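Student: Here you go, sequence then predicted model.
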Number of protein chains: 2
Amino acid sequence: MRLPELRRDFLRNTWTIFSEERRRRPSEYKFLKTSESLFDPFLPGNENCTPAELFAFRSPDTAPNTPGWTVRIVPNRYPALRIEGKPEGRAQGIYDCMDGLGAHEVVIETPQDKPLEECSLEQISQVLNAWKQRILDLTKDPRFQYISIFKNQGPLAGATLHHPHSQIMALPVVPEIIERMCQNAVRYYQWKQRHWFRDLLYQEEKDNKRIVYENNSFFVICPYSSRFLFETTIYPKRLCASYETCTTYEIDQLADAMKAILLRLNATLENPSYNINLLNAPLYVIRDNSPNSTLVRDCWCWHIEIIPRLGPLAGFELGTGFYINTVFPEEAAHQLRNVHLS
Amino acid sequence: MRLPELRRDFLRNTWTIFSEERRRRPSEYKFLKTSESLFDPFLPGNENCTPAELFAFRSPDTAPNTPGWTVRIVPNRYPALRIEGKPEGRAQGIYDCMDGLGAHEVVIETPQDKPLEECSLEQISQVLNAWKQRILDLTKDPRFQYISIFKNQGPLAGATLHHPHSQIMALPVVPEIIERMCQNAVRYYQWKQRHWFRDLLYQEEKDNKRIVYENNSFFVICPYSSRFLFETTIYPKRLCASYETCTTYEIDQLADAMKAILLRLNATLENPSYNINLLNAPLYVIRDNSPNSTLVRDCWCWHIEIIPRLGPLAGFELGTGFYINTVFPEEAAHQLRNVHLS
């Protein structure tokens, strides 16, 4: 089997991760529904079916890789990236490639196979805290430049295992889209002497048409230019570049906001598939004090996108990066706000 | 019903088209398989079920909107964009929006409901020629800045009607991704004094590992950094910014290349869903002679991407713009080359 490799799309300036190892997953080559097989490798008692755990919240009297945990993080059994390798690029003729260097971890969010949003607030807080702990740990490896945390829930969102889990990927390059978003936030600041994220929250409070939910630390908003039907974004009220600076209180509040919006989506869209994406700062903002790094640290704010997946992306979206949405965010927010949660 | 509206995602610099009209499509809100209902509005005899035709190849003795056509182009019955409106943006507080101005057309590729690739070369040539005619016509409207042509085949590629068709959208702005690709091609030229597309074809001929098919006018190549399994790109040998400059001979050759690769994909992947995207030049390259326009005209080359859709995009792809691929393009090309077409 070939070692994993990162290859650059020169014109788009994006990268594809080539990993033959992931082909061993049963879902490859065919579009299968989420595996409904009886065997669940993420259940307590099946700890030996996953690689050894990297992190867990567990009762103090229990040993690693045994039952007794509430959240458990393990290396992905079919990793797209590997911890071995050098972060330097090299030429292949006119093309650019790199070793498939990185980390690819799975966060088993709950011992039971039930959706995250149906778990207790304490359980959701533990998951969000586990994300923070892994970011703090992975950041120590200077070869990693960006940490992506995401969740695929349901077959239309790309989940291949039913048991609720999120994934953590440490990447040896900052994705173009993240860098572009950061630089646009910086440009806005340089032009206006104001922060984009602060202006956005001010505008949303003033308009009061796209806010779905609010608690002490967070707003949940249907974005003005939502790409997907009933898409929402969670913004912290305390603007800060990096997620891992969240306090314990803020993480509890984030759990509350996440549960509130996911239950509303389930009620409105009949338990849709969805993706959750943490858009965090590039790691350079906490590693150096170059002018660019300082500007991005001052102008960026981490946030979380929650994207219901009601159908596939089509050729238009793939070809242009434009999206077609049939529900204005003002209407989506209205519907989501008016859900009566029992 | 609200008029369609374009709204800008400030940080990404992309646009979402909001169109409540498209919500009337039966597939909205739920992920349905391609409609297998008995009624096919695109069959000859059902011309009155579509808006009046804009263009057709038809026998000289037949009237518009009656049978006798081989390719027929009509406005989309559920258009995302409308021909009425002004191309100027306006502010909504800190946000940017525009009228949902544009054109949205459907190319009915064949009178029979059978896949394009199973049609004769002459039929495929007519479709590709119809694309050219519509680009030439839509380009006359100075409000349009870019024309996107794409095809969704099969449910995983976003098709909602089974009868083979492609779609044409004229947009009032150049998509960020197209502009970025053009500018990267320009930068390459300014740095190297060589054309990216010429270097790419030279490299591919030299490596001879990723070429699937070649005829007098085209190469079909599995791209070095393929985002999708078994993705291929069709590149013209005569480098040229704009598709609509293709000669009749070149269009016939393109039909040959397209049929060859689609049949190979069908044989290798068991008739997968797929998207086809024409990546054409922004319309400014044929409208003005500004320095930027001249550079893009000299450095860009139209090409066509053919993307098998074997599963949904997941959170990682949506969040980072990176892709994970489990089949190296050298292997995909090897498999596709070795298909024995009867």
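Tutor: Done, it's in.
Student: so which residue of the stretch 201-342 of chain A comes closest to chain B?
Tutor: In the stretch 201-342 of chain A, the residue that lies nearest chain B is residue A:314 (2.7 Å; CB to the nearest CB). No exception for glycine: its C-beta is placed from N, CA and C like everyone else's.
Student: Based on its surroundings, how many neighbours for that residue?
Tutor: 21 (other CB atoms under 10 Å in any protein chain shown).
Student: now swap in the one 5 residues further on and tell me
Tutor: When counting by other CB under 10 Å, one arrives at 23 neighbours for residue A:319.
Student: Need the per-residue pLDDT for it.
Tutor: Per-residue pLDDT puts residue A:319 at 96.
Student: and the gap between it and residue B:259?
Tutor: If you measure residue A:319 against residue B:259 using CB to CB, to the nearest Å, the figure is 21 Å.
Student: cool, residue A:317 as well?
Tutor: Distance, residue A:317 to residue B:259, using CB to CB: 26 Å.
Student: For the stretch 51-200 of chain A, which residues are neighbours of chain B?
Tutor: Within the stretch 51-200 of chain A, the positions adjacent to chain B are A:80, A:92-95, A:146, A:148, A:150-152, A:155-159, A:167, A:169, A:171, A:175-178, A:180-181, A:184-185, A:188, A:196, A:199-200 by CB under 8 Å from any CB of the partner chain.
Student: Which of those residues are buried, as a ChimeraX select command?
Tutor: Selection of buried members from those for ChimeraX, criterion 16 or more other CB atoms under 10 Å in any protein chain shown:
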select /A:80,94,95,146,148,150,151,152,155,156,157,158,159,167,169,171,175,176,177,178,180,181,184,185,188,196,199,200
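Student: So which of the residues of the stretch 51-200 of chain A next to chain B belong to strands?
Tutor: Mapping these onto strands (DSSP state E) picks out A:92, A:95, A:146, A:148, A:150-152, A:167, A:169, A:171.
Student: Can you check the pLDDT for residue A:342?
Tutor: Note on residue A:342: pLDDT of 74.
Student: where does the closest residue in space to residue A:46 that isn't next to it in sequence land in three-state SS?
Tutor: Spatial nearest neighbour of residue A:46, excluding adjacent residues (CB to CB, 6 or more residues apart in numbering or on different chains): residue A:40 at 6.8 Å. Judged by DSSP: H, G, I helix; E, B strand; the rest coil, the three-state class of residue A:40 is coil.
Student: List phi and psi for residue A:40.
Tutor: Torsion angles at residue A:40 (phi, psi; degrees, to the nearest 10) stand at phi -120, psi 110.
Student: swap in the one 10 residues further on?
Tutor: Dihedral angles phi and psi of residue A:50 (degrees, to the nearest 10) take the values phi -120, psi 160.
Student: Assess the claim that it and residue A:77 are in contact.
Tutor: Yes. Counting by CB atoms under 8 Å, residue A:50 does reach residue A:77; the two are 6.4 Å apart.
Student: any shared contact partners between these two?
Tutor: By CB atoms under 8 Å, 6 or more residues apart in numbering or on different chains, residue A:50 and residue A:77 have these common neighbours: residue A:106.
Student: So for those two, which sits in the more crowded spot?
Tutor: Neighbours of residue A:50 and residue A:77, each counted by other CB under 10 Å, are more numerous for residue A:50; the result is 18 against 15.
Student: Please name the residues that touch that one.
Tutor: A:41-42, A:74, A:77, A:106, A:108.
Student: Please tell me how far it sits from residue A:129.
Tutor: Distance from residue A:50 to residue A:129, by CB to CB: 20 Å.
Student: confidence score at the residue in the stretch 101-250 of chain A that chain B sits nearest to?
Tutor: In the stretch 101-250 of chain A, the residue that lies nearest chain B is residue A:158 (2.8 Å; CB to the nearest CB). Predicted confidence (pLDDT) for residue A:158: 94.
Student: Please verify my assumption that it contacts residue A:152.
Tutor: Yes. Contact criterion CB under 8 Å: residue A:158 and residue A:152 qualify, at 4.3 Å.
Student: who does residue A:9 bridge with?
Tutor: With DSSP bridges as the criterion, residue A:9 is bridged to residue A:14.
Student: surely it meets residue B:231?
Tutor: No. Look at residue A:9 against residue B:231 with CB under 8 Å: they stay out of range, at 10.9 Å.
Student: Quickly list what's touching both of the two.
Tutor: Shared contacts of residue A:9 and residue B:231, counting by CB under 8 Å, 6+ apart, come down to residue B:223.
Student: Count the residues that sit near residue A:277.
Tutor: 20.
Student: which helices and strands sit right next to the helix or strand hosting it?
Tutor: If you go by DSSP states H and E, residue A:277 is part of strand A:273-279. Strand A:273-279 sits against strand A:146-153, helix A:248-269, strand A:303-309, helix B:315-320, with contacts defined as 3 or more CB pairs under 8 Å, 6 or more residues apart in numbering or on different chains; DSSP states H and E.
Student: Figure out which of those is closest to residue A:223.
Tutor: Comparing those against residue A:223 with CB to CB, the closest turns out to be strand A:303-309 (8.3 Å).
Student: got the CA coordinates for the closest one in CSV?
Tutor: Output of strand A:303-309 as CSV, limited to C-alpha atoms (Å, rounded to 0.1, in the frame of the first residue of the first chain):
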residue,chain,number,x,y,z
HIS,A,303,-17.2,29.9,15.3
ILE,A,304,-19.1,26.7,14.6
GLU,A,305,-21.2,26.0,11.5
ILE,A,306,-24.1,23.5,11.7
ILE,A,307,-25.2,22.4,8.3
PRO,A,308,-28.3,20.2,7.7
ARG,A,309,-27.7,18.0,4.6
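Student: quick one: pLDDT of the residue in chain A sticking out farthest from the centre?
Tutor: Most distant residue from the mean C-alpha position of chain A: residue A:93, 34.3 Å away (CA atoms, centre = their mean). What the model reports for residue A:93 is a pLDDT of 97.
Student: Tell me which residues touch it, please.
Tutor: B:203, B:206-207.
Student: same thing but 10 Å
Tutor: Counting by CB atoms under 10 Å, 6 or more residues apart in numbering or on different chains, residue A:93 touches B:199-200, B:202-204, B:206-207, B:224.
Student: Among the residues you listed, which are located in helices?
Tutor: Those of the contacts of residue A:93 mapping onto helices are B:199-200, B:202-204, B:206-207, per DSSP state H.
Student: ok so, going back, can you lay out the helices and strands packed on strand A:273-279 as a markdown table showing distance to residue A:342?
Tutor: Shown next, in a markdown table, are the helices and strands packed on strand A:273-279 (distance: least, CB to CB, whole Å):
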| stretch | distance to residue A:342 |
| --- | --- |
| strand A:146-153 | 22 |
| helix A:248-269 | 10 |
| strand A:303-309 | 21 |
| helix B:315-320 | 29 |
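Student: Compare these and give me the one nearest residue B:1.
Tutor: Per CB to CB, nearest to residue B:1 of these: helix A:248-269, 20.5 Å.
Student: Could you give the average pLDDT over the closest one?
Tutor: Mean predicted confidence for helix A:248-269 is 98.
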